[in-house]
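1. predicted model and sequence follow; I will ask about them next.
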Amino acid sequence: MKSTKLFFAGAILLSLMFLATTIAPKSVRAKPKTISTGEYPDAQGARCADVNYGTAIEGQNAQNATFVTAPNPNGVTLVHLGLYVDEITDVDEGANQYKLQGYVDMIWCDPRLAFAPTNTSTQADIFLEDDAQAKLDSMWWPNLEFVNEAESVSPENLVLLIHPDGTVEYRAKINALLSSDFNLHAFPFDKQDLTVEIESFEWAGDTMAFLPRDGVVGFSDEFRIPEWNVTGVSENVASKKEIRDHNEFSELVAKIHVRRDPGVYITKVMIPLGIIILISMIIFWMEADAFEARLGASMSGLLTAVAYQFIASQNLPKHVYNTYLDSFVFLSFLVILFGIGESAYVVWLTKHEKEAQAKQVDRISRWFIPLLYVAMILALYFIYTA
């Protein structure tokens, strides 16, 4: 009786050690400094009607002039930024990348571009594609870059509108391959942040700043991400300085919060493997002295689980640390090995004429091992998704 208690106490101890070794430390991400609206005057809008940067230069044809300085001579030029997401595809957890297709909108004020509209002219000067790019090359503009781009982002379908008061509207379609830090510890029950980081390529924060506001990111009505569900969006304007920079730059950091749909992994991996493990526990109902039959059933379950995991792993993301699914598979292997150890122990008891104790071990194992297996699965779930 004492040896039986020691046997099951050892099983519980091994289970606790397994849980302790599977708890992975979580990385701590530094939060950027958020710029409050109060730090920039007149931050309620970026149009010329909302700010006071002065007027056009007297005696100069501003529409044909080339400006290399910011339009606000007395401080920060505010830029209203919008990101409209049409589609997100190719979420690659192994490469920490994803593709974003959408549109970038900007609005700012440059009173040096103001003009007096005539009755025959439109209410805004419109420049398209190459003409728009040529106009940008001859004037001041924010000159955006995606900080976390994995490949250079080239705008398409470029449209530039200049209003009579000097308000400028910029619109462009983008196809961007962006990098994002994926944390797969809870896979396939993981939540991720698809990050978009945008800042000016050349204008520091004391010259240009994005307008702090909510609702920067919008989505198409038909927006979908295969295998993922969007749970929310967070945005902030941050003052950020890289090691290579001499000054801080105004940066928009938008995070699209998504949750993986685990259905395919539950039905294709976890449920079949769990059934295989439970079937292998039939050994606890076999005769105590039938070690070969017990060993054969356990080995069949073990080999089937190994083969199944080998096939399933071909479609799983590559990583260098344990995920929930990895620990689930390892736990399944451990349960089978424990069943082999239990069979060996029962056979040893039988050979030493302790049949009653051997039957008691089997009776306890019939319920103890399945319940412990299920409890460990739940415990791992809470550990990895906490």
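-> Happy to help now that I have it. Residues are numbered from 1 along each chain as shown.
2. stretch 104-116 - what's its average pLDDT?
-> Averaged over stretch 104-116, pLDDT sits at 91.
3. any stretches of this protein with poor pLDDT?
-> Applying pLDDT under 70 to the chain flags residues 1-44, 55-67, 118-122, 241-246, 311-320.
4. dump stretch 104-122 to PDB, keeping only the CA atoms.
-> The C-alpha coordinates for stretch 104-122 follow below in PDB (Å, rounded to 0.1, in the frame of the first residue of the first chain):
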ATOM      1  CA  VAL A 104      -2.900  56.400 -46.700                       C
ATOM      2  CA  ASP A 105      -4.600  59.800 -46.300                       C
ATOM      3  CA  MET A 106      -2.800  62.900 -45.100                       C
ATOM      4  CA  ILE A 107      -4.000  66.500 -44.500                       C
ATOM      5  CA  TRP A 108      -1.900  69.500 -43.600                       C
ATOM      6  CA  CYS A 109      -1.800  73.200 -44.100                       C
ATOM      7  CA  ASP A 110       0.700  75.100 -46.200                       C
ATOM      8  CA  PRO A 111      -0.500  78.800 -46.600                       C
ATOM      9  CA  ARG A 112       2.300  79.400 -49.100                       C
ATOM     10  CA  LEU A 113       0.300  77.300 -51.500                       C
ATOM     11  CA  ALA A 114      -2.900  79.400 -51.200                       C
ATOM     12  CA  PHE A 115      -4.400  80.800 -54.400                       C
ATOM     13  CA  ALA A 116      -7.500  82.800 -55.400                       C
ATOM     14  CA  PRO A 117      -9.900  80.600 -57.300                       C
ATOM     15  CA  THR A 118     -11.600  81.900 -60.400                       C
ATOM     16  CA  ASN A 119     -15.100  81.300 -61.500                       C
ATOM     17  CA  THR A 120     -13.900  78.900 -64.200                       C
ATOM     18  CA  SER A 121     -11.500  76.900 -62.000                       C
ATOM     19  CA  THR A 122     -12.200  74.000 -59.700                       C
END
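5. show me how far that stretch is from its chain's centre.
-> Here the centre of stretch 104-122 is set off from its chain's centre by 40 Å, with Cα atoms, centre = their mean, to the nearest Å.
6. now it: buried residues?
-> For stretch 104-122, burial by neighbour count (16 or more other Cβ atoms under 10 Å) applies to 104-115. Glycine gets a C-beta too; all of them are placed from N, C-alpha and C.
7. quick one: which of those residues sit in strands?
-> Among the buried residues of stretch 104-122, the ones falling in strands (DSSP state E) are 104-109.
8. turn the buried residues of stretch 104-122 into TSV, including distance to Y170.
-> Below are these laid out as TSV (distance: Cβ to Cβ, whole Å):
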residue	distance to Y170
V104	8
D105	7
M106	4
I107	8
W108	8
C109	12
D110	11
P111	17
R112	16
L113	13
A114	17
F115	18
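9. out of these, which two sit at the greatest distance?
-> Maximum pairwise distance in the buried residues of stretch 104-122, criterion Cβ to Cβ, is 25.3 Å, between V104 and F115.
10. hang on, the earlier thing: now, which of the ones in strands among the buried residues of stretch 104-122 sits nearest D90?
-> Of all those, V104 has the smallest distance to D90: 19.7 Å, by Cβ to Cβ.
11. against E199, how distant is that closest one?
-> For V104, the distance to E199 equals 13 Å [Cβ to Cβ, to the nearest Å].
12. buried residues in the lengthiest helix in the chain?
-> The longest helix of the chain (DSSP state H) is helix 355-385. For helix 355-385, the neighbour count (16+ other Cβ under 10 Å) marks 357-358, 361-362, 364-365, 368-369, 372-373, 376-377, 379-380, 383-384 as buried.
13. what sits against the residue nearest to F333 when sequence neighbours are not counted?
-> Closest residue to F333 apart from its sequence neighbours, by Cβ to Cβ, 6 or more residues apart in numbering: A305 at 6.4 Å. Counting by Cβ atoms under 8 Å, 6 or more residues apart in numbering, A305 touches 273, 276-277, 329, 332-333, 336.
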